[in-house]
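In: next one to model:
(one chain, ligands or ions: 1)
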Amino acid sequence: MTRQDESGNGSTGQPPPWAVLTAEEFATCQLEWAADEPPPARRGRPSPPAGERSTAGPAGAPWNIVALGDCRDVLPMVRSESVDTIFADPPYNLQLKKALIRPNQTLVESVDAEWDQFNTFQDYDRFTYQWLQACQRVLKPTGAIWVMGTYHNIYRIGRLLQDLGFWILNEVCWIKTNPMPNFRGSRFTNAHETLIWAKKSETAKGYTFNYQDMKAANGGKQMRSDWVLPICTGKERLRDEHGRKAHPTQKPEGVLERVIAASTQPGQLILDPFAGTGTTAAVAARLHRQWLMIEREPDYVELMRARLSAPLGPPRTPPVRGR
Ligand SMILES: C[S@@+](CC[C@H](N)C(=O)[O-])C[C@H]1O[C@@H](n2cnc3c(N)ncnc32)[C@H](O)[C@@H]1O
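Out: Now for the predicted structure:
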(Lines give C-alpha, C1' and ligand atoms only; values in the text may rest on other atoms or scores of the structure.)
Protein backbone atom coordinates (compact mmCIF):
# COMPACT_ATOMS: atom_id res chain seq x y z
CA MET A 1 0.00 0.00 0.00
CA THR A 2 1.26 3.44 -0.85
CA ARG A 3 -0.07 6.43 1.01
CA GLN A 4 0.19 9.97 -0.18
CA ASP A 5 0.75 12.36 2.70
CA GLU A 6 -0.69 15.68 1.69
CA SER A 7 -1.54 18.16 4.38
CA GLY A 8 -3.75 20.53 2.46
CA ASN A 9 -7.16 20.25 0.87
CA GLY A 10 -8.89 21.22 -2.38
CA SER A 11 -9.38 24.85 -1.42
CA THR A 12 -5.62 25.37 -1.09
CA GLY A 13 -4.93 23.68 -4.41
CA GLN A 14 -3.39 20.72 -2.59
CA PRO A 15 -5.05 17.34 -3.09
CA PRO A 16 -6.66 15.76 -0.02
CA PRO A 17 -5.04 12.56 1.33
CA TRP A 18 -5.54 9.37 -0.57
CA ALA A 19 -4.09 5.92 -1.04
CA VAL A 20 -3.43 3.33 -3.73
CA LEU A 21 -4.42 -0.19 -2.64
CA THR A 22 -4.27 -3.56 -4.30
CA ALA A 23 -7.53 -5.49 -4.38
CA GLU A 24 -6.28 -7.58 -1.43
CA GLU A 25 -5.43 -4.52 0.65
CA PHE A 26 -8.76 -3.00 -0.26
CA ALA A 27 -10.55 -6.14 0.93
CA THR A 28 -8.74 -6.00 4.27
CA CYS A 29 -9.55 -2.39 4.82
CA GLN A 30 -13.21 -2.93 3.93
CA LEU A 31 -13.47 -5.88 6.28
CA GLU A 32 -12.03 -3.82 9.09
CA TRP A 33 -14.44 -1.02 8.35
CA ALA A 34 -17.37 -3.43 8.29
CA ALA A 35 -16.34 -4.88 11.67
CA ASP A 36 -18.41 -3.72 14.59
CA GLU A 37 -16.13 -1.08 15.97
CA PRO A 38 -15.95 2.67 15.79
CA PRO A 39 -14.50 3.67 12.44
CA PRO A 40 -11.85 4.38 11.37
CA ALA A 41 -10.14 2.00 13.80
CA ARG A 42 -7.89 -0.22 11.73
CA ARG A 43 -6.80 -3.28 13.62
CA GLY A 44 -3.65 -4.93 12.40
CA ARG A 45 -2.73 -2.13 10.05
CA PRO A 46 0.53 -0.27 10.31
CA SER A 47 0.17 3.13 11.91
CA PRO A 48 0.21 5.95 9.39
CA PRO A 49 3.38 8.01 9.36
CA ALA A 50 3.39 11.07 11.58
CA GLY A 51 1.50 13.93 10.03
CA GLU A 52 -0.57 11.77 7.70
CA ARG A 53 -4.26 12.47 7.76
CA SER A 54 -6.83 9.72 7.90
CA THR A 55 -8.38 8.70 4.62
CA ALA A 56 -11.68 8.23 6.44
CA GLY A 57 -14.70 9.50 4.55
CA PRO A 58 -17.83 11.04 6.04
CA ALA A 59 -19.15 7.72 7.28
CA GLY A 60 -15.78 6.66 8.64
CA ALA A 61 -15.07 4.56 5.58
CA PRO A 62 -11.56 4.73 4.18
CA TRP A 63 -12.40 6.64 1.03
CA ASN A 64 -10.21 8.55 -1.37
CA ILE A 65 -8.73 5.33 -2.62
CA VAL A 66 -7.46 4.02 -5.94
CA ALA A 67 -8.06 0.25 -5.96
CA LEU A 68 -5.96 -1.63 -8.49
CA GLY A 69 -8.00 -4.51 -9.88
CA ASP A 70 -10.90 -5.66 -11.99
CA CYS A 71 -14.00 -3.80 -10.88
CA ARG A 72 -15.95 -7.05 -10.90
CA ASP A 73 -13.58 -8.32 -8.18
CA VAL A 74 -13.34 -5.08 -6.21
CA LEU A 75 -16.99 -3.99 -6.22
CA PRO A 76 -18.19 -7.01 -4.22
CA MET A 77 -15.84 -5.82 -1.42
CA VAL A 78 -17.57 -2.45 -1.17
CA ARG A 79 -20.27 -2.24 1.48
CA SER A 80 -23.87 -2.37 0.21
CA GLU A 81 -25.61 0.97 -0.19
CA SER A 82 -22.55 3.04 0.71
CA VAL A 83 -22.00 5.06 -2.48
CA ASP A 84 -23.80 8.30 -3.38
CA THR A 85 -22.97 8.55 -7.07
CA ILE A 86 -21.31 6.33 -9.66
CA PHE A 87 -19.67 7.67 -12.79
CA ALA A 88 -18.70 4.96 -15.27
CA ASP A 89 -16.89 5.33 -18.58
CA PRO A 90 -16.60 1.65 -19.48
CA PRO A 91 -14.83 -0.04 -22.40
CA TYR A 92 -16.61 0.84 -25.65
CA ASN A 93 -16.13 -2.46 -27.49
CA LEU A 94 -15.04 -0.41 -30.51
CA GLN A 95 -14.22 -3.51 -32.57
CA LEU A 96 -11.54 -1.70 -34.58
CA LYS A 97 -10.38 -4.03 -37.34
CA LYS A 98 -7.64 -1.99 -39.02
CA ALA A 99 -5.35 0.94 -38.27
CA LEU A 100 -6.76 4.40 -38.91
CA ILE A 101 -4.51 6.59 -41.10
CA ARG A 102 -4.84 10.35 -41.58
CA PRO A 103 -4.67 11.84 -45.13
CA ASN A 104 -1.05 12.83 -44.33
CA GLN A 105 -0.32 9.12 -43.69
CA THR A 106 0.18 9.51 -39.90
CA LEU A 107 -1.36 6.92 -37.63
CA VAL A 108 -4.35 7.93 -35.50
CA GLU A 109 -3.88 6.94 -31.84
CA SER A 110 -7.08 4.96 -31.45
CA VAL A 111 -8.42 2.53 -28.85
CA ASP A 112 -6.90 -0.84 -29.67
CA ALA A 113 -6.06 -1.85 -26.12
CA GLU A 114 -6.77 -5.32 -24.82
CA TRP A 115 -9.20 -3.91 -22.24
CA ASP A 116 -11.52 -2.84 -25.07
CA GLN A 117 -11.66 -6.23 -26.76
CA PHE A 118 -14.61 -8.58 -26.48
CA ASN A 119 -15.25 -11.54 -28.77
CA THR A 120 -18.97 -11.03 -29.24
CA PHE A 121 -21.74 -8.64 -28.29
CA GLN A 122 -22.93 -11.34 -25.90
CA ASP A 123 -19.55 -11.29 -24.10
CA TYR A 124 -19.77 -7.52 -23.81
CA ASP A 125 -23.34 -7.75 -22.50
CA ARG A 126 -22.31 -10.32 -19.88
CA PHE A 127 -19.45 -8.10 -18.73
CA THR A 128 -21.74 -5.05 -18.65
CA TYR A 129 -24.45 -6.86 -16.72
CA GLN A 130 -21.92 -8.02 -14.11
CA TRP A 131 -20.47 -4.62 -13.34
CA LEU A 132 -23.81 -2.80 -13.50
CA GLN A 133 -25.35 -5.29 -11.09
CA ALA A 134 -22.40 -4.88 -8.73
CA CYS A 135 -22.78 -1.09 -8.95
CA GLN A 136 -26.47 -1.28 -8.16
CA ARG A 137 -25.75 -3.14 -4.92
CA VAL A 138 -23.30 -0.54 -3.60
CA LEU A 139 -25.44 2.46 -4.55
CA LYS A 140 -27.43 4.10 -1.76
CA PRO A 141 -31.21 4.11 -2.30
CA THR A 142 -30.83 7.85 -2.85
CA GLY A 143 -27.92 7.34 -5.24
CA ALA A 144 -27.64 7.61 -8.99
CA ILE A 145 -25.39 6.35 -11.75
CA TRP A 146 -23.95 8.04 -14.81
CA VAL A 147 -22.73 5.86 -17.66
CA MET A 148 -20.96 7.38 -20.63
CA GLY A 149 -20.58 5.80 -24.05
CA THR A 150 -20.78 6.01 -27.82
CA TYR A 151 -23.03 4.40 -30.42
CA HIS A 152 -20.86 1.28 -30.09
CA ASN A 153 -22.06 0.48 -26.60
CA ILE A 154 -24.57 2.95 -25.20
CA TYR A 155 -27.68 1.22 -26.56
CA ARG A 156 -26.66 -2.08 -25.01
CA ILE A 157 -25.87 -0.35 -21.71
CA GLY A 158 -29.20 1.50 -21.73
CA ARG A 159 -31.10 -1.72 -22.20
CA LEU A 160 -29.20 -3.50 -19.42
CA LEU A 161 -29.70 -0.56 -17.04
CA GLN A 162 -33.44 -0.86 -17.59
CA ASP A 163 -33.37 -4.67 -17.33
CA LEU A 164 -31.69 -4.32 -13.94
CA GLY A 165 -34.38 -1.92 -12.73
CA PHE A 166 -32.43 1.36 -12.85
CA TRP A 167 -34.69 4.26 -13.83
CA ILE A 168 -33.35 6.65 -16.45
CA LEU A 169 -33.53 10.32 -15.45
CA ASN A 170 -31.89 11.91 -18.46
CA GLU A 171 -29.89 11.16 -21.55
CA VAL A 172 -27.25 13.87 -21.94
CA CYS A 173 -25.54 14.52 -25.24
CA TRP A 174 -21.98 15.81 -24.90
CA ILE A 175 -21.44 17.76 -28.11
CA LYS A 176 -17.72 18.07 -28.85
CA THR A 177 -16.57 21.49 -30.01
CA ASN A 178 -13.40 19.96 -31.45
CA PRO A 179 -14.17 16.36 -32.52
CA MET A 180 -11.76 14.16 -34.40
CA PRO A 181 -12.59 14.29 -38.13
CA ASN A 182 -13.84 11.26 -40.02
CA PHE A 183 -10.54 10.62 -41.81
CA ARG A 184 -11.93 8.27 -44.45
CA GLY A 185 -14.70 10.65 -45.38
CA SER A 186 -17.08 7.72 -45.33
CA ARG A 187 -19.41 8.82 -42.51
CA PHE A 188 -20.50 11.94 -40.63
CA THR A 189 -17.96 13.34 -38.17
CA ASN A 190 -18.64 11.54 -34.91
CA ALA A 191 -19.08 14.65 -32.79
CA HIS A 192 -20.85 13.57 -29.61
CA GLU A 193 -20.97 11.06 -26.80
CA THR A 194 -23.95 10.05 -24.71
CA LEU A 195 -24.32 10.01 -20.94
CA ILE A 196 -27.17 8.16 -19.28
CA TRP A 197 -28.14 9.38 -15.81
CA ALA A 198 -30.27 6.89 -13.87
CA LYS A 199 -31.53 6.47 -10.32
CA LYS A 200 -31.42 3.13 -8.54
CA SER A 201 -35.02 2.13 -9.25
CA GLU A 202 -38.29 3.57 -10.45
CA THR A 203 -39.50 4.14 -6.89
CA ALA A 204 -36.20 5.45 -5.48
CA LYS A 205 -36.53 8.90 -3.97
CA GLY A 206 -34.09 11.58 -2.89
CA TYR A 207 -31.42 11.55 -5.60
CA THR A 208 -29.38 14.76 -5.77
CA PHE A 209 -29.99 17.31 -8.49
CA ASN A 210 -28.60 20.79 -7.88
CA TYR A 211 -31.15 22.41 -10.13
CA GLN A 212 -30.55 26.01 -9.04
CA ASP A 213 -26.76 25.69 -9.35
CA MET A 214 -27.13 24.38 -12.88
CA LYS A 215 -29.58 27.14 -13.78
CA ALA A 216 -27.22 29.77 -12.37
CA ALA A 217 -24.33 28.25 -14.34
CA ASN A 218 -26.47 28.53 -17.48
CA GLY A 219 -27.10 32.26 -17.17
CA GLY A 220 -30.44 31.87 -15.34
CA LYS A 221 -31.95 29.43 -17.87
CA GLN A 222 -32.64 25.76 -17.12
CA MET A 223 -29.58 23.66 -17.92
CA ARG A 224 -30.33 21.58 -20.98
CA SER A 225 -29.34 18.02 -21.78
CA ASP A 226 -27.02 19.04 -24.63
CA TRP A 227 -23.64 20.02 -23.23
CA VAL A 228 -21.24 21.75 -25.59
CA LEU A 229 -17.73 21.14 -24.30
CA PRO A 230 -14.28 20.51 -25.84
CA ILE A 231 -12.51 17.15 -25.82
CA CYS A 232 -9.44 16.78 -23.63
CA THR A 233 -6.47 18.51 -25.28
CA GLY A 234 -3.53 20.81 -24.45
CA LYS A 235 -2.07 20.80 -20.94
CA GLU A 236 -4.94 18.75 -19.57
CA ARG A 237 -4.07 15.78 -21.80
CA LEU A 238 -1.59 13.43 -20.12
CA ARG A 239 1.29 12.41 -22.39
CA ASP A 240 4.22 10.04 -22.18
CA GLU A 241 7.87 11.03 -22.60
CA HIS A 242 7.50 10.76 -26.41
CA GLY A 243 4.53 13.11 -26.45
CA ARG A 244 2.04 10.31 -27.15
CA LYS A 245 -1.31 10.19 -25.37
CA ALA A 246 -0.74 8.37 -22.08
CA HIS A 247 -4.29 7.00 -22.19
CA PRO A 248 -6.38 6.66 -25.36
CA THR A 249 -9.67 7.88 -23.88
CA GLN A 250 -8.92 10.46 -21.19
CA LYS A 251 -12.12 12.44 -20.63
CA PRO A 252 -12.24 16.22 -20.22
CA GLU A 253 -12.53 17.56 -16.69
CA GLY A 254 -15.25 19.91 -17.98
CA VAL A 255 -17.67 17.01 -18.48
CA LEU A 256 -16.92 15.59 -15.04
CA GLU A 257 -17.30 19.02 -13.44
CA ARG A 258 -20.80 19.32 -14.84
CA VAL A 259 -21.73 15.78 -13.74
CA ILE A 260 -20.37 16.19 -10.21
CA ALA A 261 -21.61 19.74 -9.66
CA ALA A 262 -25.09 18.77 -10.89
CA SER A 263 -25.65 15.52 -9.06
CA THR A 264 -23.57 15.40 -5.86
CA GLN A 265 -23.10 17.34 -2.63
CA PRO A 266 -19.75 18.24 -1.03
CA GLY A 267 -18.55 15.35 1.14
CA GLN A 268 -20.49 12.71 -0.79
CA LEU A 269 -18.79 9.61 -2.15
CA ILE A 270 -18.30 9.15 -5.90
CA LEU A 271 -17.24 5.77 -7.29
CA ASP A 272 -15.67 5.28 -10.72
CA PRO A 273 -15.24 1.58 -11.64
CA PHE A 274 -13.24 2.37 -14.85
CA ALA A 275 -11.05 5.18 -13.58
CA GLY A 276 -8.41 5.34 -16.34
CA THR A 277 -6.36 8.47 -15.71
CA GLY A 278 -8.45 9.44 -12.67
CA THR A 279 -10.38 12.34 -14.20
CA THR A 280 -13.28 11.65 -11.85
CA ALA A 281 -11.02 11.71 -8.78
CA ALA A 282 -9.23 14.89 -9.85
CA VAL A 283 -12.52 16.75 -10.26
CA ALA A 284 -14.13 15.21 -7.17
CA ALA A 285 -11.17 16.28 -5.05
CA ARG A 286 -11.28 19.82 -6.42
CA LEU A 287 -15.02 20.00 -5.65
CA HIS A 288 -14.52 18.57 -2.13
CA ARG A 289 -16.20 15.22 -2.75
CA GLN A 290 -14.88 11.84 -1.55
CA TRP A 291 -13.88 9.32 -4.19
CA LEU A 292 -13.16 5.67 -4.82
CA MET A 293 -11.46 4.77 -8.12
CA ILE A 294 -11.09 1.26 -9.54
CA GLU A 295 -8.71 0.56 -12.43
CA ARG A 296 -7.30 -2.75 -13.63
CA GLU A 297 -4.21 -1.52 -15.52
CA PRO A 298 -1.16 -0.80 -13.30
CA ASP A 299 0.22 1.73 -15.84
CA TYR A 300 -2.93 3.82 -15.60
CA VAL A 301 -2.83 3.62 -11.82
CA GLU A 302 0.66 5.13 -12.01
CA LEU A 303 -0.73 7.93 -14.17
CA MET A 304 -3.39 8.55 -11.54
CA ARG A 305 -0.77 8.55 -8.82
CA ALA A 306 1.12 11.34 -10.59
CA ARG A 307 -2.02 13.27 -11.48
CA LEU A 308 -3.49 13.17 -7.98
CA SER A 309 -0.17 14.12 -6.39
CA ALA A 310 -0.05 17.38 -8.35
CA PRO A 311 -1.88 20.58 -7.34
CA LEU A 312 -5.52 20.35 -8.37
CA GLY A 313 -5.54 23.45 -10.59
CA PRO A 314 -8.43 25.68 -11.53
CA PRO A 315 -11.82 24.48 -12.81
CA ARG A 316 -11.85 23.59 -16.50
CA THR A 317 -15.45 24.37 -17.41
CA PRO A 318 -15.75 27.34 -19.73
CA PRO A 319 -18.81 29.57 -19.19
CA VAL A 320 -21.93 27.73 -20.35
CA ARG A 321 -23.51 29.15 -23.48
CA GLY A 322 -27.13 30.13 -22.78
CA ARG A 323 -29.25 27.78 -24.92
C1 LIG B 1 -12.87 4.44 -21.32
S2 LIG B 1 -11.54 4.25 -20.22
C3 LIG B 1 -11.88 5.40 -18.90
C4 LIG B 1 -11.15 6.70 -19.05
C5 LIG B 1 -11.37 7.65 -17.89
N6 LIG B 1 -12.74 8.11 -17.81
C7 LIG B 1 -10.42 8.85 -17.96
O8 LIG B 1 -10.88 10.01 -18.04
O9 LIG B 1 -9.22 8.63 -17.98
C10 LIG B 1 -11.89 2.71 -19.48
C11 LIG B 1 -10.89 2.25 -18.46
O12 LIG B 1 -11.40 1.08 -17.83
C13 LIG B 1 -10.32 0.21 -17.53
N14 LIG B 1 -10.92 -1.13 -17.41
C15 LIG B 1 -11.34 -1.94 -18.40
N16 LIG B 1 -11.90 -3.06 -17.91
C17 LIG B 1 -11.83 -2.93 -16.55
C18 LIG B 1 -12.28 -3.75 -15.48
N19 LIG B 1 -12.88 -4.93 -15.69
N20 LIG B 1 -12.08 -3.31 -14.21
C21 LIG B 1 -11.47 -2.11 -13.98
N22 LIG B 1 -11.01 -1.31 -14.97
C23 LIG B 1 -11.21 -1.70 -16.24
C24 LIG B 1 -9.37 0.38 -18.69
O25 LIG B 1 -8.06 0.00 -18.33
C26 LIG B 1 -9.52 1.87 -18.99
O27 LIG B 1 -8.54 2.63 -18.33
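
In: from Val259, how far off is the residue lying closest to Arg72 once chain neighbours are set aside?
Out: Distances taken as C-beta to C-beta, 6 or more residues apart in numbering put Gln130 closest to Arg72, at 5.1 Å, once the chain neighbours are dropped. C-betas here are computed from N, CA, C, even on glycine. Going from Gln130 to Val259 by C-beta to C-beta, to the nearest Å gives 23 Å.

In: which one of those two is surrounded by more residues?
Out: Val259 (24 against 14; other C-beta atoms under 10 Å).

In: once you drop chain neighbours, what's closest to the more buried one?
Out: Nearest non-adjacent residue to Val259, counting by C-beta to C-beta, 6+ apart: Trp146, 5.5 Å away.

In: before we move on, which element is the one you found in?
Out: strand 139-149 (DSSP states H and E).

In: same check, this time on Leu303
Out: Judged by DSSP H and E, Leu303 forms part of helix 298-309.

In: how much does whichever strand or helix holds Ile260 deviate in direction from strand 139-149?
Out: Using DSSP H and E, Ile260 sits within helix 253-263. Orientation check (axes from the mean of the first three to the mean of the last three C-alpha atoms, to 10 degrees): helix 253-263 against strand 139-149 gives 150 degrees.

In: quick one: strands adjacent to the helix or strand that helix 253-263 is followed by?
Out: Next helix or strand after helix 253-263 toward the C-terminus (DSSP H and E): strand 269-272. The pairing partners recorded for strand 269-272 under DSSP bridges are strand 83-88 (parallel), strand 290-295 (parallel).

In: listing request: residues of the stretch 101-250 of the chain with sub-threshold pLDDT.
Out: 108-110 (pLDDT under 70).

In: tell me the secondary structure at the spatially closest residue to Asp163 that is not a sequence neighbour.
Out: Leaving aside its sequence neighbours, Asp163 sits nearest to Tyr129 (C-beta to C-beta, 6+ apart; 7.8 Å). Of the three states, Tyr129 takes helix according to DSSP: H, G, I helix; E, B strand; the rest coil.

In: so what's the residue count around Tyr129?
Out: When counting by other C-beta under 10 Å, one arrives at 15 neighbours for Tyr129.

In: how much space separates it from Leu238?
Out: Taking C-beta to C-beta, one finds Tyr129 at 31 Å from Leu238.
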